[in-house]
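A.B. asks: Pasting a predicted model and its sequence here:
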Amino acid sequence: AQSVTQLGSHVSVSEGALVLLRCNYSSSVPPYLFWYVQYPNQGLQLLLKYTSAATLVKGINGFEAEFKKSETSFHLTKPSAHMSDAAEYFCAVGTATGANSKLTFGKGITLSVRP
Amino acid sequence: GAGVSQSPSNKVTEKGKDVELRCDPISGHTALYWYRQSLGQGLEFLIYFQGNSAPDKSGLPSDRFSAERTGGSVSTLTIQRTQQEDSAVYLCASSSRGLAGGRNEQFFGPGTRLTVL
């Protein structure tokens, strides 16, 4: 079984400030980890993914995330927030084993960026 | 190339009616997924199709929900005798499947917003 915990439902930062969105996972097998972003009235778009290569993963739009096995975490960061980063962010965990490659998503975090 | 498309984009129906939601995956993608997104609940997995294998229906919430995928491409999610708690955004995703299916990115459609009155 696998699960994802995203603490808090809403994060607000000032434009130019550090963005930190937390994600902790639980998985009985080595996980694959993903961050998706959803802009209003749109589908989900992949930001970045961890698939057992480098533990520090760089994604689109200046985002990156670090896989920390000891902490079972995959927090998403961006050094300087932009107004266009306002969206909902979902962390997800998948596994490589078996035929079922469905993702288990967290409940999402809404990011607001203040001018 | 075209992404995942879903129709209709919005559907309003009356309690007790049946609805059909359609998903056109990216051409060549063998895996197709349906999720339900309810306010404050994140994404809930519903069903997964992979090639000609039997679908994984483990996420369907009740026997009122069913889905099929014809010819390995288009999929239809059917909800019979809709209830108000079925109101949500229904998202479809597709992916190519390599040796380790779980690592492959899922590409999402824009969703169908279902409102049951």
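C.D. replies: Sure, I can see it. Numbers count the residues shown, from 1 in each chain, chains lettered A, B, ... in the order given.
A.B. asks: For the rest of this, base every contact and every neighbour count on C-alpha atoms.
C.D. replies: Noted.
A.B. asks: got any ranges where chain B has weak pLDDT?
C.D. replies: B:1, B:97-103 (pLDDT under 70).
A.B. asks: Chain A too?
C.D. replies: A:95-101.
A.B. asks: wait, what's in contact with the spatially most central residue of it?
C.D. replies: Nearest to the mean C-alpha position of chain A, by CA atoms, centre = their mean, lies residue A:35 at 3.2 Å. Neighbour list for residue A:35: A:46, A:47, A:48, A:49, A:76, A:89, A:90, A:91, A:92 [criterion: CA atoms under 8 Å, 6 or more residues apart in numbering or on different chains].
A.B. asks: ok, and the most crowded of those residues?
C.D. replies: Greatest neighbour count in those, by other CA atoms under 10 Å in any protein chain shown, goes to residue A:91: 31 neighbours.
A.B. asks: Which strand or helix spans that residue?
C.D. replies: Assessed by DSSP states H and E, residue A:91 sits inside strand A:87-95.
A.B. asks: For residue B:87, see how far away the closest residue to residue B:84 other than its chain neighbours is.
C.D. replies: Leaving aside its sequence neighbours, residue B:84 sits nearest to residue B:116 (CA to CA, 6 or more residues apart in numbering or on different chains; 4.9 Å). Distance, residue B:116 to residue B:87, using CA to CA, to the nearest Å: 5 Å.
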